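1. next come a sequence and a model predicted from it.
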Amino acid sequence: MLTIPPTDYRNSYGELPDTAKLNRDLGAPEHGPKALFFSGGSALNGLSRQITDYTHNSIHLITPFDSGGSSAALRDAFDMPGIGDLRHRVLALADQSAPHNEQLCRLLQYRFSATQTHEALTQELGEITSGAHALISAIPSEARAKLTEQLSVLSQHLPENFDLRMASVGNLVLAGGYLANANDLGASLLCLSELLNIRGTVHAIVKEPLHLGVHLGNGQSFIGQHLLTGKEHPDIPSPVSSIFLNRSACEHNPITVPLDSENSQLIAGADLICYAPGSFYSSLMANLLPVGVGEAVAKASCPKVFVPNLGLDPEQLGMDFSALIQTLTRQLRQGSADEPVSNFLNYVVIDADRSRYPFPINTDLLKALGVELLELPLVTSTSDPYYDDDRLAQVLLSLI
């Protein structure tokens, strides 16, 4: 049932959400709306799990440009897209009521030790691949056979010196599926999604093994998402001036990539489009780089919503609220500058407490653009300092 107090939950016109529709969605999520999210990383995983209470038809377009952690080792070995964020989202959407999915998720979330020897880790991978390891032996035979088949393909191609420390079994399974399907990332994702009976659709925004390039305001440029996020490396020293897709992980080789027809159709047919919270450039803006994303968004006759980050995002260095909105809409309108902003953005949703944001909210800009601001109680005592996943899910779905 709708949990946001109705007296606190009104848009700028004083209207209440359609609570009856939300409750219908809650009663029949298999017929729920196609809410589409441009996102990446782990910031939206909680919301993704929560939204399955309302709809099993959400769509998640994820950035496959991760160049750090265990994804980086697989990318170096097989010249493949980054798969860590895709794995996170597939697991977040897994059917929690399905028999044995708990054991399956436990296996796919398992990481190898950071301290054991190469020989010990290789032996453990062999035990998992053979089906002898306790984590995989508890999984039903049909699912176990599919997993061991993909891990066997991986093991046949794995370089002898491959560093398994902190490697994710889920990433290894996806990599094995990628190799087993002639380097088809979509086929590997589909196989894992079917195994977990996920309540939604997860696609990479592009399937090619590309990398994220960054130009900073101080003239510095670099290639590699891990150098931008402030997680594995120090925060960037200067604001981002632009980002681009690059063919190589090392040499400067920018590339223009078209959005594939399947993703274009998913966007154009969505019932809601959300520019989700998360790292502004590496999770959100990188999703908008393929040529044709803005065109597909403009074709979608549905509400388009931006939910800015709470607190500080290292990637937003030097950016105020106006810069976020202008950067977002400028990228979406690339090649279609004559299109009205309303074709790309209709709402900005923020928490009622504006002090949670590192900048003033420029309401004059939103009015000039024809974008409606919704200020709602989206942070609760249990979610603080983050958005409450259930409240945000309700707000977004009430706009459909």
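-> Nice, thanks for sending it over.
2. enumerate every residue touching the closest residue in space to Thr115 that isn't next to it in sequence.
-> Spatial nearest neighbour of Thr115, chain neighbours left out: Arg165 (7.7 Å); criterion: C-beta to C-beta, 6 or more residues apart in numbering. Quick note: C-beta positions are derived from backbone N, CA and C, even for glycine. Arg165 makes contacts with Phe112, Ser113, Ala114, Thr115, Gln116, Leu121, as judged by C-beta atoms under 8 Å, 6 or more residues apart in numbering.
3. what does Arg165 show for phi and psi?
-> When read as degrees, to the nearest 10, the backbone of Arg165 gives phi -60, psi 130.
4. again, but for Ala132
-> phi -90, psi -20.
5. what about Lys367, which SS state?
-> In three-state terms, and counting by DSSP: H, G, I helix; E, B strand; the rest coil, Lys367 is helix.
6. okay, now it: neighbour count?
-> Here the number of neighbours of Lys367 (other C-beta atoms under 10 Å) works out to 12.
7. for the closest residue to Gly224 other than its chain neighbours, give me its contacts.
-> Of all residues not flanking Gly224 in the chain, Ser67 sits nearest, at 4.4 Å (C-beta to C-beta, 6+ apart). Contacts of Ser67 were listed using C-beta under 8 Å, 6+ apart, and they are Arg75, Gly82, His211, Leu212, Gly224, Gln225, His226, Leu227, Ala249.
8. element containing the last one?
-> In other words, Ala249. Under DSSP states H and E, no helix or strand contains Ala249.
9. list the residues that contact it.
-> Ser67, Arg75, Asp76, His211, Ile223, Gly224.
10. pLDDT weak spots in the protein?
-> 1-22, 24-25 (pLDDT under 70).
11. please identify the one among the contacts of Arg165 that lies nearest to Leu312.
-> Comparing the contacts of Arg165 against Leu312 with C-beta to C-beta places Ala114 closest, at 28.4 Å.
12. can you get me a residue count around the closest one?
-> 9.
13. residues near the closest residue to Ala296 other than its chain neighbours, how many?
-> Ranked by C-beta to C-beta, 6+ apart and with sequence neighbours excluded, the top spatial neighbour of Ala296 is Ile267, at 3.8 Å. Applying other C-beta under 10 Å, we find 24 residues neighbouring Ile267.
14. next up, the contacts around the nearest residue to Pro360 once chain neighbours are set aside.
-> Closest residue to Pro360 apart from its sequence neighbours, by C-beta to C-beta, 6+ apart: Phe321 at 6.5 Å. Applying C-beta under 8 Å, 6+ apart to Phe321 gives the contacts Pro308, Tyr357, Phe359, Pro360, Ile361, Asn362, Leu365.
15. again with Ser238
-> Leu216, Gly217, Asn218, Gln220, Leu317, Gly318.
16. so the last one touches Pro239, yeah?
-> Yes: with contact taken as C-beta atoms under 8 Å, Gly318 and Pro239 are classed as touching, separated by 3.4 Å.
17. which neighbours do the two share?
-> Gly217.
18. could you report the distance from Ser282 to Pro377?
-> 29 Å (C-beta to C-beta, to the nearest Å).
19. between the two, which has more neighbouring residues?
-> Ser282 (29 against 15).
20. relative to His211, how far out is that one?
-> Separation of Ser282 from His211 (C-beta to C-beta): 11 Å.
21. okay, and the common contacts of these two?
-> Contacts common to Ser282 and His211, judged by C-beta under 8 Å, 6+ apart, are Phe65, Gln225.
22. Pro256: what's its closest spatial neighbour, skipping adjacent residues?
-> To be clear, residue 256 is Thr; Pro isn't right here. Nearest to Thr256 is Val291, by C-beta to C-beta, 6+ apart, at 5.9 Å.
23. before we move on, what about Gln265?
-> Using C-beta to C-beta, 6+ apart, the closest residue to Gln265 is Ala296 (7.9 Å).
24. report the contact partners of the one you found.
-> Leu259, Asn263, Ser264, Gln265, Ile267, Ala268.
25. SS state for the fifth one?
-> Reduced to three states with three-state DSSP, the structure at Ile267 is helix.
26. quick one: it and Ala300 touch, right?
-> Yes: with contacts counted by C-beta under 8 Å, Ile267 reaches Ala300, the gap being 6.0 Å.
27. and Gln50, how far is that from Asn197?
-> Where Asn197 is concerned, Gln50 sits at a distance of 18 Å (C-beta to C-beta).
28. also Ala296?
-> For Ala296, the distance to Asn197 - C-beta to C-beta - is 28 Å.
29. and what of Cys302?
-> 26 Å.
30. out of those two, which sits in the more crowded spot?
-> Cys302 (20 against 16).
31. so who does the more buried one touch?
-> Ala270, Asp271, Leu272, Ile273, Ile400.
32. cool, Thr329 as well?
-> Neighbouring residues of Thr329 by C-beta under 8 Å, 6+ apart: Val341, Phe344, Leu345, Leu369.
33. and those, which are buried?
-> Buried members of the contacts of Thr329, scored by 16 or more other C-beta atoms under 10 Å, are Val341, Phe344, Leu345, Leu369.
34. so which of those residues are in helices?
-> Leu369 (DSSP state H).
35. among the buried ones among the contacts of Thr329, which one sits closest to Gln96?
-> Set against Gln96, the nearest of these by C-beta to C-beta is Leu345 (33.4 Å).
36. Arg75 contacts Gly82, doesn't it?
-> Yes: at 6.1 Å, Arg75 counts as touching Gly82 under the criterion of C-beta under 8 Å.
37. which of the two has more neighbours?
-> Each of Arg75 and Gly82 has its neighbours counted (other C-beta under 10 Å); Gly82 has more, 27 against 23.
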